[in-house]
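*Asks:* need the 3D shape of this:
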Amino acid sequence: MVIENIIRPEWVERNPLYGFILGACISTIGIFLGPMIFPNDASLAGVLLTTIAGLPFLHKIMRIEQQVGSYMEGTESFIKRNAHLMLIYFMFFMGMTASYLLWAVVLPGWMLGLVFAKQFAAFSGGSYTTALGKFVMGTSVFTAIFMNNMRVLFTLMLLSVIYGAGSMIILVWNASVLGVFITSLFSRAGLLVSSIPHIILEFTGFFLAAVAGGLLSIAFLRVDWHSEQFWQTITDSLYLIVFGIAFIFAGAFVESMVILG
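*Replies:* Got it, this is the predicted structure:
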């Protein structure tokens, strides 16, 4: 890839700020290529193209991170093993978010509906639904929201194991929604501000799940299943998934209170 010759994975691993630049670059390319290749569904096409472009980078970075942290053991080393990787993911995520935010502000109005249709639909009516899901109104609002998000979470975990793509889909989709959501705050502030607490919780939960998905994909695709490193990576992934579910649970509770309130 041309981008890989401009921003190398080794640079991102050494300095996570390059992850921000990488995320901004590939998401910008996805945003503009989407309408050209798939004009009937440009918003999802942009997410797909960004996912395809970013996946090789993250896989290479994950392999480097595993080699660096493979010797560590214990609870403290769990944090040491994954803190740098989470920072890389975070900078990559923020780069994509900044890109979507910038283009949602700069592009003319007639293009917004074409390029960001699914992102606007994700929080229409003031409620954000993660990863294209829908929630059911009624007495079981909390259960409906939480179970929907859990279905999405485990589907993407499965994609991470089988195809290695689940974590990238989580990152790209949530970054695209967050960028467009921030621009909408200026025009619909009163409607959307109440959504911020549960959005932060759900974004955090899915972010942790994205890191876990990345670890799972590398573990199953690149690591010897009989090695200690494999089981160490699986354990780290499970920790992150549990923390992610806790945040998603809290987000679903807060969101249900907003809807019923």
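*Asks:* helix or strand: which one has Q229?
*Replies:* helix 228-260 (DSSP states H and E).
*Asks:* list the buried residues of that helix.
*Replies:* 229-230, 232-234, 236-237, 239-241, 243-245, 247-252, 254-256, 259 (16 or more other CB atoms under 10 Å). Every C-beta, even on glycine, is put in place using the N, C-alpha and C of the backbone.
*Asks:* what helices and strands are in contact with that helix?
*Replies:* helix 74-106, helix 141-162, helix 196-222 (3 or more CB pairs under 8 Å, 6 or more residues apart in numbering; DSSP states H and E).
*Asks:* out of those, which one sits most buried?
*Replies:* Sort those by mean neighbour count, taking mean count of other CB atoms under 10 Å, and helix 196-222 sits at the top with a mean of 23.
*Asks:* next, the angle from it to helix 74-106.
*Replies:* With axes from the mean of the first three to the mean of the last three CA atoms, to 10 degrees applied, the angle from helix 196-222 to helix 74-106 works out at 120 degrees.
*Asks:* for K60, pull up the helix or strand it's in.
*Replies:* helix 42-69.
*Asks:* which pLDDT value goes with G125?
*Replies:* pLDDT, G125: 48.
*Asks:* what do you get for the one 4 residues further on?
*Replies:* Here, the pLDDT recorded for T129 equals 48.
*Asks:* tell me the contacts of G164?
*Replies:* 55, 59, 217-218, 221 (CB atoms under 8 Å, 6 or more residues apart in numbering).
*Asks:* does it count as helix, strand or coil?
*Replies:* With DSSP: H, G, I helix; E, B strand; the rest coil as the basis, G164 sits in coil.
*Asks:* what does it show for phi and psi?
*Replies:* Main-chain torsions, G164, degrees, to the nearest 10: phi 80, psi 20.
*Asks:* mind checking how far it is from L55?
*Replies:* As judged by CB to CB, to the nearest Å, G164 and L55 stand 7 Å apart.
*Asks:* one more: Q232?
*Replies:* Q232 is 23 Å from L55, by CB to CB.
*Asks:* over to D236?
*Replies:* 20 Å.
*Asks:* now do V141
*Replies:* 35 Å.
*Asks:* same question for I196.
*Replies:* Separation of I196 from L55 (CB to CB) stands at 30 Å.
*Asks:* same question, M168
*Replies:* 5 Å.
*Asks:* these two - which one has more neighbours?
*Replies:* M168 (29 against 19; other CB atoms under 10 Å).
*Asks:* so the more buried one touches T51, yeah?
*Replies:* Yes. In this structure, M168 is within contact of T51 by CB atoms under 8 Å, at 4.6 Å.
*Asks:* what average pLDDT does stretch 93-101 get?
*Replies:* 96.
*Asks:* residues in contact with that stretch?
*Replies:* Taking CB under 8 Å, 6+ apart as the rule, stretch 93-101 contacts 19-28, 31, 50, 116, 119, 171-172, 174-176, 178-180, 182-183, 207, 210.
*Asks:* noted, bye for now.
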